[in-house]
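# return atomic coordinates for the entry below.
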Amino acid sequence: MCLLCDDETAYQAYMAYVDAVRRQGKDADPDKAMDAALDALEAADKARGARAAVRDDPADDKTLSPFFCSPVVK
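Numbers count the residues shown, from 1 in each chain. Below you'll find the model as predicted:
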C-alpha cells in the first residue's frame, strides 16, 4: 500500500500541492508532488516536535499545585 493510500495527512498534502500547481495553469509532475508532500509532512512534524519540547520543559511548569512534583534541576 502506498503512503498516500495509508495516510490521510499525506494525501491532503499531495492534493494541496497538485491543486496549487494546477491553479498556476501547469501540469503537476507526480514525483515533484510526492516530494512536496513529504517535505510538508516533515515540516509539520518538526513544528509539532518543537512545540512539544517547549511545552514539556520542566522549567516552564506553571501548575503551582502542591500535589504536583516537578523534577529537580541541578
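
# can you map out the helices along the protein?
If you assign secondary structure with DSSP state H, the helices in the chain sit at 3-6, 8-23, 30-55.

# can you add mean neighbour count and mean pLDDT and give those back as CSV?
Placement of C-beta: from N, CA and C, glycine included. Formatted as CSV, the entries for those read as follows, by neighbours: other Cβ atoms under 10 Å; pLDDT from 0 to 100:
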stretch, mean neighbour count, mean pLDDT
helix 3-6, 12, 67
helix 8-23, 15, 86
helix 30-55, 12, 79
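
# residue 9: what's it in contact with?
By Cβ atoms under 8 Å, 6 or more residues apart in numbering, the contact set of residue 9 is 41, 44.

# and residue 22, by the same measure?
Contacts of residue 22 by Cβ under 8 Å, 6+ apart are residue 28.

# could you measure from it over to residue 36?
Here the distance between residue 22 and residue 36 works out to 13 Å (Cβ to Cβ, to the nearest Å).

# test my guess that residue 21 contacts residue 30.
No. Because the distance of 10.9 Å does not satisfy Cβ atoms under 8 Å, residue 21 is recorded as not touching residue 30.

# can you count the residues close to residue 7?
15 (other Cβ atoms under 10 Å).

# look at it and report its pLDDT.
Here the pLDDT value assigned to residue 7 is 76.

# for residue 29, grab phi and psi.
For residue 29, the backbone dihedrals (degrees, to the nearest 10) come out as phi -80, psi 120.

# measure how buried it is and give me the count.
Residues contacting residue 29 under the criterion other Cβ under 10 Å number 12.
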